[in-house]
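Student: what shape does this take:
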Amino acid sequence: MRYLFRTSLALLVALLLAAPAVSRAEPAGAMGRYDIGELFARAEAAWDLGELDAVVLLDSEDVQVGSDGGRKTTVHRIVWMATDLALEAYADLRVPWNSETSRLEVLALRTWRDDTWWPDETEISQTAVVPTIPSAVQRAADYAEMRETMLLHDGVELPCIVETVYEMTELPAEPSRDRTPAAGGPDGAPAGDGTADEVPSGASGMWAFQKSDPCVVSRLQVTAPADVEVRFEALNGSPENPASHRSSDHGVTYTWEMSELDRLPRPLTAYPEGAAPGVVWSTWRDWETLGRAVLGAFDRAARLTPALRDSVAALVEDEPASWAGAEAIAAFVSETTRPVRYPHRFWRLAPRTASRTWETAYGHTLDRAVLASALFGEAGLKTHPLFLGRAANLSVAAGSPSLSPFDGPYLRLEASGLDAVYDPATSSLTHTEAATEALAVWALDGTSWTPLDPRPPETAEFELVLEVEGGDEGWTGTGYLRATGAMSPYAEMLGLEKEASSHLASVAGTALPGAHVTDWSALEFGPERVVCGFAFDYDPGEEDEYGRHVLELGEPEGAVLSQLPRDVHLYSAERESPVVTRSALLQSIELRVRPQDQEVVYHPPATSISNAAGSLEVAAEAGEEGELTLRRRLELIGSRFEPGEWTALRELLLEETHERNGRVLLK
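Tutor: From the prediction side, this is the model:
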């Protein structure tokens, strides 16, 4: 990494320690707790700064919760930066907030270099705080209250230290309302009437102590009135017993602090915070109270106008309360409402009404979920909100009611012959078994308010047999596919169009490039198990320069490699983070070749590997009439591979994907 400028670290430390009035300065009350020079000295003692892009000297969040669910959060961050990469991450910050429900106040924004604070020790430059409207909502007038305020540090010259302090005050949640008056009626919502139902109050959050860069001090403080109970869960080795303080003026304060933390393991996984030390906290009384607040938001907003009711009747006239009807409604939402890809948490539990979302023809995930829920209900489908864990095989902190460990809301749809999960972000349907595989589930169906941890995963199996034969009119073949559990293609094949044949074409074409499926039939077809046969034509392509046809047995769509997370990079010999799959995986691929007037001149050698991650076997068997059977079997035991097991896992995957273990030459 090329440094823009380089000042002696020893000199920087000397400058900091030689100026105690500056390093202990208090431009705002929140800044008087830590000595920056001392924090930097601790960083230098803990890590080799010459090898790092940045060190977070302090990352602190102070949350003050009110009895009405409102809260004020003070963020205090101090970062030492040395490279361009750190400059991009920490010098110019983007703070999102809802100007209708929140207030933002910047208390400190300064840079320490050359023995002084830039641009000033206490004052903030008028050009350093720039409110903007997020690009995602610029064509969504109902979301115009969203802001992303840019906090721009002046005087940055690497290496340097930047300090940021700001307060975000969030007002108590209000019920949903329409943005503009609309005609009411016996079948529609009386939009914009100004009425407000009582909204259950509560607040919650999640704090991960580890950061993307090493951190000297990571600190969370939560304060609540004496009559409000704060529930919390310590995760992954974080302090289980926080420091607490009671005050007649401020109530009860809980403080968690960890120090000298290494960066989050690389590569970053889809949800790295899930495996990091952290705290989930909540002032919601219990899961039922939080659940009823979510359901109340849906009930207040999920109202349809007569025109929308007529649209539903026309959509499902022939097949109400069926998979076809559900797909028709999902397509209707997709075609009539543009997705606004911005986190709906900034609107908390106050969605727009279903009618308003449809009228404006756009909506974020929560608004589209409300609209879809109303439409599905009108069609006679039983529906309720559903939240899914943010990572595979991740338990939830069931003692602290909070949406932080979950993604959602989704919708679960139930009817005769139908059990599906609707994703409002994509307006698509997936069978419930497939959608919830290995994920924690919080279903607001009224039967139980407690979230459920992931079901114990069973080994998922993928078996594919391809038999190809040469003939006077070209090559033809047949195939057999059996897939279970997490590798079942039920969700991909289910549909009214050509979903099944398209998926099988992808499976055959990736397993044997040049294969084109012509027909198929299902022997078993269910969420947990799919068994089918298919026929295909095969084009082996042109002969190579030696007059040989090359047959390649590749990696089929939906098999083991398709189940690995995107952060798995086989080119990396080392890994710091675990590899997590939805279940243990077993894959068996077999290719049977019957050449008509050619002979096999090369096939893969026998290979057998067994290690801590699983096993791989490659075997080829030649028949008396020139036929060849090539088998490749890969088994990954367990669904979580720690960094120490990466070498073993990588060995299996590299051998599985090596071209010598899939190449057959005919001449």
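
Student: show me what counts as buried in stretch 458-466.
Tutor: For stretch 458-466, burial by neighbour count (16 or more other C-beta atoms under 10 Å) applies to 459-466. No exception for glycine: its C-beta is placed from N, CA and C like everyone else's.

Student: give me the contact list for that stretch.
Tutor: Residues from elsewhere that reach stretch 458-466, judged by C-beta atoms under 8 Å, 6 or more residues apart in numbering: 477-488, 507-508, 511-512, 515, 556, 558-560, 563, 582-592.

Student: for stretch 419-437, same thing?
Tutor: By C-beta under 8 Å, 6+ apart, stretch 419-437 touches 323, 326-327, 330-331, 333-334, 339, 341, 365-366, 368-369, 372, 376, 383, 386, 388, 409-413, 455, 457, 485-486, 488, 490-491, 494, 527-528, 582-583.

Student: next step: those residues restricted to strands.
Tutor: Judged by DSSP state E, these include 339, 383, 386, 388, 409-413 as members of strands.

Student: thinking again about what came up before, let me have the buried residues of stretch 458-466 in TSV, extended by distance to W207.
Tutor: Shown next, in TSV, are the buried residues of stretch 458-466 (distance: C-beta to C-beta, whole Å):
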residue	distance to W207
T459	36
A460	34
E461	40
F462	39
E463	45
L464	45
V465	51
L466	51
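
Student: what is the nearest of the residues you listed to A128?
Tutor: Nearest to A128 among those, counting by C-beta to C-beta, is A460 at 52.6 Å.

Student: ok, the closest residue to that closest one other than its chain neighbours - contacts?
Tutor: Spatially, and ignoring its direct neighbours in sequence, A460 is nearest to G485 (3.3 Å; C-beta to C-beta, 6 or more residues apart in numbering). Shown in contact with G485 (C-beta under 8 Å, 6+ apart): 437, 457-461, 528, 582-583.

Student: got it, and L171?
Tutor: 70, 101-103.

Student: low pLDDT regions in this protein?
Tutor: 1-32, 173-200, 320, 397-398, 496-497 (pLDDT under 70).

Student: for the one helix or strand T478 maps to, which strands pair with it and how are they oriented?
Tutor: Under the criterion of DSSP states H and E, T478 resides in strand 475-484. With DSSP bridges as the test, strand 475-484 is paired with strand 460-469 (antiparallel), strand 529-538 (antiparallel).

Student: and the contacts of it?
Tutor: With contacts defined as C-beta under 8 Å, 6+ apart, strand 475-484 is touched by 460-469, 489, 504, 507-508, 512, 515, 517, 528-540, 558.

Student: ok, back up a step: just send the strands paired with strand 475-484 back as TSV, with distance to V156 too.
Tutor: Formatted as TSV, those follow (distance: least, C-beta to C-beta, whole Å):
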stretch	distance to V156
strand 460-469	50
strand 529-538	56
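
Student: how long is stretch 271-288 from one end to the other?
Tutor: Stretch 271-288 has an end-to-end distance of 26 Å (C-alpha to C-alpha, to the nearest Å).

Student: can you list the buried residues in it?
Tutor: Going by neighbour count (16+ other C-beta under 10 Å), the buried part of stretch 271-288 is 271-284, 287-288.

Student: what about those, which are in strands?
Tutor: Secondary structure defined by DSSP E assigns 278-282 of those to strands.

Student: turn those into CSV, including distance to H569.
Tutor: What follows is those, written out as CSV (distance: C-beta to C-beta, whole Å):
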residue, distance to H569
G278, 26
V279, 31
V280, 31
W281, 35
S282, 37
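
Student: which phi and psi does D114 have?
Tutor: Per-residue torsions, D114: phi 50, psi 40 (degrees, to the nearest 10).

Student: how many residues are close by it?
Tutor: Neighbourhood size, D114 [other C-beta atoms under 10 Å]: 13.

Student: in what helix or strand does T74 lie?
Tutor: Using DSSP H and E, T74 sits within strand 71-81.

Student: show me what that strand pairs with in its sheet, parallel or antiparallel.
Tutor: Counting by DSSP bridges, strand 71-81 is paired with strand 54-65 (antiparallel), strand 160-170 (antiparallel).

Student: got the angle for the longest one vs strand 278-282?
Tutor: With axes from the mean of the first three to the mean of the last three C-alpha atoms, to 10 degrees as the basis, strand 54-65 and strand 278-282 are set at 20 degrees to each other.

Student: thinking again about what came up before, which of the ones in strands among the contacts of stretch 419-437 lies closest to V55?
Tutor: Nearest to V55, judged by C-beta to C-beta, of the ones in strands among the contacts of stretch 419-437 is L388 at 35.3 Å.
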